[in-house]
Structures are given as C-alpha cells and as structure tokens.
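A.B. asks: Fold the stuff below for me.
(2 chains)
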Amino acid sequence: MSLTWIVILPFAGSLCAAFLPSHARNAAVWLAGLVAGACAALTASFHGRVADGGVAREVVQWAPSLALDLIFRIDGFAWLFAMLVTVMGVLVVVYARYYMAAQDPVPRFFSFFLAFMGAMLGVVLSGNLIQLIVFWELTSLTSFMLIAYWYQRMDARRGARMALTVTAGGGLCLLGGVLILGRITGSYDLDVVLSSGDVVRAHPWYLGALILIGLGALTKSAQFPFHFWLPHAMAAPTPVSVYLHSATMVKAGVFLLVRLWPVLAGTDAWFWMIGTAGLLSLVAGAYMAIFQRDMKGVLAYSTISHLGLITLLLGLNSPLALIAAIFHIINHATFKASLFMAAGMVDHETGTRDLSRLSGLRHAMPITATLALVAAASMAGVPLLNGFISKEMFFTETIFVSGNLVTRIGLPLMAVVWGTFSVAYSLRFIMQVFFGPPAADLPRKPHEPPRWMLFPSAVLVIACLVIGMLPAQTIGSYLDMAALSILGAGMPQHSLAVWHGFNLPLAMSLVAMVAGVLLYRALGRYQQGTGSVPLLDSLRLDGKLIFEFLLLKADSLTRVAIRMLSTERLQVQLLLLICAAFASALIPLSYGGLPSGDMAVTPLEPAFALMWLVGSACAIGAAFQAKYHRLAALSLSGAAGLATCMTFVWFSAPDLALTQLVVEVVTVVLLLLGLRWLPLRQKSIDDELIPLRARVRARTRRLRDLVLAAIAGGGLALLSYAVLTRQAGEGISPFFIENALPLAGGANVVNVILVDFRGFDTLGEITVLGIVALTVFALLRRFRPAPESTGLPVQQQEQDGEDETSLPDPHVLLPQGPMMLPGVIAQLLLPVSGMVAIFFLLRGHNDPGGGFVAGLIVATAVILQYLVGGTAWAESRTRIYPQYWIALGLLCAAGTGLSALLASRPFLSALAWHVALPVAGELYFSTVLLFDLGVFLLVIGAAVLILVALAHQSRRGHRKHAAHAFGIHAGVADTPSARTREK
Amino acid sequence: MEIVYALAIGILTGSGVWLLLRPRTFQVIMGLSLLSYAVNLFIFGMGRLTIGRAPIIDTLQQADPSLYDDPVPQALVLTAIVIGFATTALFLVVLLASRGLTGTDHVQGEELEP
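C.D. replies: Numbering: from 1, shown residues only, chains lettered A, B, ... in the order given. Modelled structure (predicted):
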C-alpha cells in the first residue's frame, strides 16, 4: 500500500492545509514539509525493488465490474522522477517559508502546493494511461491556482488563464491520443502498452496517436509553438516558478515522451515532429532569453530552451541521447531551480527584478551572488559543473546523428549557436545583477537573505558541483537504473566522465564559450534597452497576441453560432421541441407504416361515445377560450378532466378515477385562486390596437400552430389506436398480480405496487411533492402582485361596493350574511371528510383508496373552509402548520423504510404480523400501512401548504384595510417577513 | 370503444399542443393540463382497454393475470397524476411571480410585437 500512500498523502495534506487559519504560516510549512519529506522517504524506500530494472505495482480495486482499477507502478525512471518531485518539494517548502510575506494567506498556498505535488506524483506513478491523464489535468488545474495565487493582480490572472488554456487544451489532445493508443493495444495498462511498441508503430493510426500525444507533451513542456504561456506564468510567486516552471510540471511533458519512448519513438515521424519542436525551442528560447529585462523572464526563456534540448535529444531516436535527456532533466532541475531561487531572493531583498535597474549586488549579497554564479555557470555549460556534462553528451549526439547533409551539418551548427546564446544570457544574468557598481535607486536597501532561505539554493548548487565533478560515482547508478527501465535490453554501454579527451564536442564547447563571451560584449549596450527582441519582434509572431486573437475569434464565432442556431423566444423553442418530437415519431413509421392491429375491439357503447363527444367539445372549447375567458376555459378543461376520470372508471381503474377526481378538484381550486392576479384582457380593445399587417401575421402564425396541433393530435390518436388493437406483449405485470397477495398481503395490486413493490419510487415522489410545496411557499413569500391587481377584484367591488362591513368578520363563530349556511355545512363537513379520508387510507391496501386520495380529501376540506368563510376568517381560527405535516409524513415514510433494516432486511421491505385478538379475530398488520400513513400526511401537508399559501395572497391587496378594520394578526402563511413588510 | 378512446386522446393532445404554443402563460398552463390528460390516457391505454376487471384480487380465486387489467400502467398513471398536480402548482406560482415582476403575462416576460 505504501506506493498508493505516496500519492494520497499530499492530497490529504492539502485538505488539512485548506482548513488551517489563514495566518497559520508555520503550521502550514511544517505540514507541507513533513508531507513532502514523508513522500521522499517512502519513495526512497522503493529503491531496492527497482534498482535492477524491476517494477513494483499496486492495484487498488475501484470499480471491478467495469474493469476500472487504480494502478500505481514504479520503475527506475519513475523512481528517479518521483525523487526529484519530492526532494525538490522539501527544498521549495523551506524556501517558500521565507519568501512568502506574513500577510499572504500562506496555508492556501501550501494547500495548492501539496495538491500539485500529489497530482505530479500521480502522473509519475500511474500504471494506467487514463489515470495518468486525470492526474495530468489535475496538475494543470493546481498550477492555475498557484499561478493565480495573487489573484488581485491582473497579470497573475491572465497568466494563469493562459497557462490553463494551453496546457489543459494539450491535455485534451493527449486524451485523444491515449484513447487511440488504447484502441491499438487493447489496454490502457501501461505495462501492456509499453510492451506493444512494434504493434503501435506499424499501425495505420500511429501517426494520429503520435501527433495528439505529442501536442499534449509539447504544450505541457512549453515547446515551440506553445512556449508563450511559460513567460506569462512568471507572475506566480517565485517558489511556484522554482517548483513548477523549472523542476517538475514543465518536465511532465518530457516525462511523458520518455515514458512512451519505447512505444512511439524510432520512426521518422517521431524524429521530425519531436526533433523539430525541440530544435526550434532550443534556439529560439535561448535567443529570446538574451534580451529579457525581467530576471525571471530570462530564466523562463532559458527553461524553454533547455526543455527544447531535452525534447530534441528524445527526438533523435538514439538510446544514448535518451540517457542524456534523462540526465539533463535532473541537471536542469538543479541549476535552474537554484537560479529561480536567486531571482526570488534578489526580488525579495531589493523589491525589483528589472535587470536594467539592478547592479553590483555582490557587495550586499555575497553568498547569493556566489550561489547564482555557480548555478549560472552550470547553465552556460562551464566544465566541472553538471550542465557541462549533459551539454557534452548533447554535442556528441548531434555529431553522430545520421541522415542527409542538412541534418548532419545543421544540427551540430545549431547546437553551437545554442551554446553561444546560453553563454551570452548566463553571463548577462550574472554580470548585470551582481557585478558593476552598486545600484543606487533600488526600492529597498539590499542585504543577505535569512540563512534558511539560502539553504535550499546552496543544497542545489552543491549538487551541481558534486555531480559535475564526480558524475559516475554520484548520479551514475541512478541514471543507469532509470535508463534501463526505459530501454530494457537495448541499454547501450556508456560512461559518465568529466574528461573524454580532446574531441569534437569539446571543441564545439570551446567555440561556443568564446563566441558567447564575444556576443555578450557586442550586445552590451543594446541589452540595456526595452527588452524587445530584435528580428523576432518584427515578425509579429508573438504567441500571446496570437493566443488572445484566437480566443477572441472563438468567442465571436460562438456568439454568431448561438445567434444562428438558437433563439431566446420560448414560443419558438417550444415549437421546435414539438417538431422534433414529431420527427422522431415519424422515423420508425418510415420503416413500415401503422397497419391496424388484429385484436378484437371492445364493442362500442353509445354512452361512452356521447361522453367523449362532450369531453372533446369541452377540450376544444377550453383551447379557444383560454385567452379572453379564463374562468370559462378553466371550467371546460375541468369537464374534460371529468371525462378522463369517468374513462378510468369505465376501464377497470377505480384507483385512478378516485385520484383523478380529487386532484381535479384541488387543481381547479388552485387555478381559481390564481386567476385573480392575472391581467384583464378584453377582445375588442386588443384587436383595434393591432395594425393590419401584424394581424395578418398573427393569423398566419395561428394557422401554422393549428396545423401543427392537428398533426400532433392526429398522430397520437393513430398511434393509440394502433397500440390498442394489438395484443399486449408479455410484461412484468403478471408478477405483480400473482404475488400481490402472497408476498405483500394486499388485494389492491395498484396500491401494493405503489407502497410495497415500488415503495422506493413512491418515497422519491412524495419527496418531490414536499419540495414543490416548499418551493411554492418560498416563491409566494416574495410575491409582488402587479399594481393593478392589488385592489379588490371588480366583481367583489360591484357586489359589495365600498362597504367595509361586508368583509368577513374573523371574530364570529360563523361567517355572517349570505355565506352563513354554506359556512355551517363546510364546518360540519370537516370532521366528516377526516373520517372519509381515514376510511380510504385504511382500506387502500385491499380496495380502491390509499394515502394519496385520502390526503387530497383532507386538503379539499381545508380549502373549503377558506372558500366559504374567506381567508381572514379561516386564518383567524386555524392553526395548521403544513410544513410540519410534510416533515412528519416524510419521516414516517422514511422511518418505515429504515425499520426494515432493524430486522436486517433491505430498505423498505415490508414487515407484517398476524395478531390473534380475542374478540376481533385475527388481525393483519403490516408496516406498509405506516408507509401509506406517511404518504397521507405528506400529501395533506403539501396540498394544504400550496393552497393556503396562494389563498393567503388575497389578503395582500387590501390587507392594511382589513387589518385596521378588525385588528387581526394571524395566518398559516403569514410569515414574519411578510408582516414587517406590511408595516 | 378503442376508436373513441384514440380520438379522445387525439383531440385532447391537439387542444393541448395548440395552447402550448400560445403566448399567454394562462393558455400554456391550460395546455399543459389538457396535454397531461391525453398523456395519462395514452399511458393507461398501454394496458389495453378492459371492462370490469379492476386489478383488485378476489381472495377466493386463484390470482390469474388474465382475469385482471394490467396494474403497471395504472400505477404509473397514478404517480403521474400526483406529480402533474405538483408541476401545475409550481408553474402557476412561477407564472404569477413572473406576472408580478414583469408586469405582463406573456411567456417571454415582455410584450413582443404581435
């Protein structure tokens, strides 16, 4: 398990750091340092298992049924890289402790830092390619967070966005490439993929996979033409640059190229794609680094150049070049990280990184100057330092490259040109900052940074020296181990040595050194300028501009596409939706029409036809009255509903009929309550206002809709008829009928399905019902009626005039006046309806009825009190809290379900007992009844809450009025906020 | 009977679709309500039309599936009726709130040119 822990620990640490208070700097540092140290120690402990070319694997079962496992694997190369990530992590934590200001929210930094470390280790240790990509994208995300750490700064936000867009975009390409690779090899398991290199290279899709994976790697490693994000990412805090932009994240790209080297390398396509990108980055990066003004800018372009070196080495298709590449990954990390740290220290102490302002710092910061000098010398490739050895290896490889004359002459030439540029920018970096007269106008007076801030840099510089002088004794065995894990049997003989005698590479080095010094001298004056790059700037090939241009174009293209493909008009959207539904119904028809079925039809009964004649007339009437005569339309639609209800009775569905009936009543009441708040619409006024052309257009539109409606209706009628005249297929229904009595002990199969067999669905349904009721309540609390609707409705005014006494008096027992008699009846009905409801609830299991029907009956009775007595009167004497009913119902239903767990049965299993009573005989009791009770309670609560909340709104308009008249304050839906608003 | 049943579904659907395409919110809510009748009848019809065979098992007889109407579409429709009530209520309140906020009962929330 320890391999998995290497990846989990940083993420766990990140979570912990996220919860630290924002000033807990030291706690966060200790946490991050310990986690990084622990990971380093754990990684180191694997050395023995991978030393002689072995591979250690750990599989964590994740979703075995989908063949998805978390696979972690470590071999020599992964071990070396993981050590780089973890050890650099420890050093950067120490450095960051002194770099970050006390007012910065340091725990946030370390939280992202640790998450990044975990993601990076995940990339390195993944044994599955898909898993690797997940971690790969995680590094992009965490690096976004780290670059934008000072999010109040514009350049940080921009740089972060650019880095994320480029690297995450590359990640998507990589995913595509890996999917192809997985298709070719038949597995995403790294070991399987690695062992099928020949199959992959011979496959016709090889080129596609190579291009996509190459794009992923090149974007991540900031290679030409995607290099532009790296300099902009320098807006990040320097520890981030040290860690991500020199040592680890940008190396992820080359890591992947090395990882997949046995699979993808060895072809001309690989040579041209990877080699060209590497060569261009190598030379162009070094060239641009010469002219930068920002210290970190120099280092960023130098990083592009050195990553280009590694990429080019990998592109050369030679095992020795691969070894050189791995070696340079380590070397570059040591000297570049140390230089970034130096840049950060200079920035920290002087307040600026501008090369044209800095000068002569060796007097104030001698130790920093010495460390930077050694590291820069390594970067330039001065002998006895590690940079020199890998540079020599590179030169040797360029000489031995095979191919045509252009590559044979061009590559060594380019290598020397690169060497010259490297010497020039390294010299400039050191001379400008640390030599010359002490600068006078620095923002801060410089002095040596704290000892522990120097420590990480010193460790790295010592590593540069030791590796540079004793390569074979120090890094040699680890390098061999790493190369062996990639090359396997093809591992060549090689020797790491400082001195190879006088040979061509050495001569190339000397030429580059001398030319570099001369170039520095020649450019001395020019470089004091604005930081613009000669030759390249005039080409207008600024990646940033191109990137922003493309982003802008994509934006406007999207806008055009949205305008062309979609509309904001809901009517048109609905029209398209109906057309699409119709078209999708038409497709199966085109295969074979709808011949009438062969099942014998039930004989026609005139009464049924008559009923639907009326029902259809009502439906059509409702459709044409809904605009100007809402009340009429509502009544007509209710009549159509009644016809539906009767149809259920007719065709053996008593439960449906009952439910439909009560729902119909409640819905009509609900809509009636809402009518009052809709605007008055009169036909005559509307028509006269509309000009002729618009009227014609409106008529055409109506005609179109009419045709569409006719088609939809005709289609569904045809479909229904076709189905109804065919024999039903064998479904699951027989199971329910056969088992309702023996398994569930209920004779009413529909009810048994709802509360027992499919109880879980019903639980979900009543939850939705409760949520809807609460949403309605919440929406109505903030309800603002339109101004013209706030007064008394016209009808009420006409009937009562301005007579205040006609408003119901909440203090009397019964509503006075003409409503007295109905009031008496309604009050008497309340207990009766309660009894009826309980009757329906109890019989539901064996006869038509059940919780839904019973609940709605109670709700109807409650709303009847409102209708008859008026809202004020009803609210002054009821104390229903429908919210509690909803909660109680849900608790009851869910609790019943949970009670099955007590009997160690699955959730919602019904428990039943037969109890023998002395007089009443045997009594059957089942928890299903409790469940149905929960449904009952919830339906009461939800329906009453909805109805009462809406009914209560009628008091809004003339509330002040009524409240003054009677001094009342009460109400179910009368919320505190509503009350205060009224005052 | 089947032909009347199918025609009823067709007319309810046609009226519902027509109303759905209208610009006023009240027309749309009426359309939804008519359309839900049609859809409920359609789903219920999937169990075929039988008379006098309510799926309430006679305890004295064998539970023979051929003697009873299909209970599954009935259970589905029962659920649909209740949820239909909930969505109608929610839609009604949303349309009232929209009318209060925008001052119009046009579905778009503003009066478009006719």
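A.B. asks: Can you mark which positions in the helix or strand harbouring A:Val199 are buried?
C.D. replies: In the assignment (DSSP states H and E), A:Val199 maps to helix A:197-202. If you call a residue buried by 16 or more other C-beta atoms under 10 Å in any protein chain shown, then helix A:197-202 has these buried ones: A:197, A:200-201. Glycine gets a C-beta too; all of them are placed from N, C-alpha and C.
A.B. asks: Show me what that helix is in contact with.
C.D. replies: With C-beta atoms under 8 Å, 6 or more residues apart in numbering or on different chains as the test, helix A:197-202 has contacts from A:181, A:184-185, A:193, A:206, A:209, A:262-264, A:266-267.
A.B. asks: hmm, 6 Å instead?
C.D. replies: In this structure, residues lying in contact with helix A:197-202 by C-beta atoms under 6 Å, 6 or more residues apart in numbering or on different chains are A:184, A:206, A:262-263, A:267.
A.B. asks: now, which of the residues you listed sits nearest chain B?
C.D. replies: When these are ranked by distance to chain B (C-beta to the nearest C-beta), A:Ile184 comes first, at 46.9 Å.
A.B. asks: where does the closest residue to the closest one other than its chain neighbours fall, phi/psi-wise?
C.D. replies: Nearest residue to A:Ile184, sequence neighbours excluded (C-beta to C-beta, 6 or more residues apart in numbering or on different chains): A:His203, at 4.8 Å. Backbone torsions of A:His203, given as degrees, to the nearest 10, read phi -80, psi 140.
A.B. asks: Check A:Ser926 too.
C.D. replies: When read as degrees, to the nearest 10, the backbone of A:Ser926 gives phi -140, psi 150.
A.B. asks: wouldn't it be in contact with A:Ser909 here?
C.D. replies: No - counting by C-beta atoms under 6 Å, A:Ser926 does not reach A:Ser909; the two are 10.8 Å apart.
A.B. asks: Neighbour count for those two, which is higher?
C.D. replies: It is A:Ser926, of A:Ser926 and A:Ser909, that has more neighbours when counted by other C-beta atoms under 10 Å in any protein chain shown, with 20 against 15.
A.B. asks: With adjacent residues omitted, what lies nearest to the more buried one?
C.D. replies: Distances taken as C-beta to C-beta, 6+ apart place A:Ala912 nearest to A:Ser926, at 4.0 Å, with adjacent residues excluded.
A.B. asks: I'd like the distance between the one you found and chain B.
C.D. replies: 16 Å (C-beta to the nearest C-beta, to the nearest Å).
A.B. asks: what helix or strand does the residue nearest the centre of chain A sit in?
C.D. replies: Nearest to the geometric centre of chain A sits A:Leu141, at 11.3 Å (C-alpha atoms, centre = their mean). Using DSSP H and E, A:Leu141 maps to helix A:129-147.
A.B. asks: other SSEs contacting that helix?
C.D. replies: If you count contacts as 3 or more C-beta pairs under 6 Å, 6 or more residues apart in numbering or on different chains; DSSP states H and E, helix A:129-147 packs onto helix A:106-125, helix A:154-185.
A.B. asks: For the longest one, give the mean pLDDT please.
C.D. replies: Here helix A:154-185 scores 92 as its mean pLDDT.
A.B. asks: same thing with the shortest one?
C.D. replies: pLDDT averaged over helix A:106-125 equals 94, rounded to a whole number.
A.B. asks: Show residues contacting it.
C.D. replies: Helix A:106-125 has contacts (C-beta under 6 Å, 6+ apart) with A:6-7, A:10-11, A:13-14, A:17-18, A:20, A:24-25, A:28, A:32, A:35, A:72, A:74, A:78, A:81-82, A:85, A:89, A:100, A:132, A:135-136, A:138-139, A:142, A:145-146, A:149, A:248, A:252.
A.B. asks: From the residues you listed, which land in strands?
C.D. replies: Using DSSP state E, the members of those that fall in strands are A:72, A:74.
A.B. asks: Which residue is the nearest non-sequential neighbour of A:Leu309?
C.D. replies: Using C-beta to C-beta, 6+ apart, the closest residue to A:Leu309 is A:Leu282 (5.3 Å).
A.B. asks: Surely the one you found is within a helix?
C.D. replies: Yes - under DSSP: H, G, I helix; E, B strand; the rest coil, A:Leu282 sits within a helix.
A.B. asks: so what pLDDT did it get?
C.D. replies: You'll see A:Leu282 listed with a pLDDT of 93.
A.B. asks: now swap in the one 3 residues further on and tell me
C.D. replies: We note a pLDDT of 92 for A:Gly285 in this prediction.
A.B. asks: got it, and A:Pro595?
C.D. replies: pLDDT, A:Pro595: 65.
A.B. asks: One more: A:Ala963?
C.D. replies: Taking A:Ala963 on its own, its pLDDT is 43.
A.B. asks: give the contact list for the spatially most central residue of chain B.
C.D. replies: Residue closest to the mean C-alpha point of chain B, counted by C-alpha atoms, centre = their mean, is B:Ser36 at 1.5 Å. Residues in contact with B:Ser36 (C-beta under 6 Å, 6+ apart) are B:Gly84.
A.B. asks: tell me which element it is part of?
C.D. replies: In this structure, B:Ser36 sits in helix B:25-45 according to DSSP H and E.
A.B. asks: Going by contacts, tell me the helices and strands next to the longest helix seen in chain B.
C.D. replies: What stands out as the longest helix in chain B, according to DSSP state H, is helix B:71-102. Counting contacts by 3+ C-beta pairs under 6 Å, 6+ apart, helix B:71-102 packs against helix A:654-675, helix A:749-752, helix A:759-781, helix B:25-45.
A.B. asks: can I get the ones you listed in JSON lines with distance to A:Phe549 and mean pLDDT?
C.D. replies: Below are the helices and strands packed on helix B:71-102 laid out as JSON lines (distance: least, C-beta to C-beta, whole Å; pLDDT from 0 to 100):
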{"stretch": "helix A:654-675", "distance to A:Phe549": "53", "mean pLDDT": "92"}
{"stretch": "helix A:749-752", "distance to A:Phe549": "65", "mean pLDDT": "91"}
{"stretch": "helix A:759-781", "distance to A:Phe549": "46", "mean pLDDT": "92"}
{"stretch": "helix B:25-45", "distance to A:Phe549": "45", "mean pLDDT": "94"}
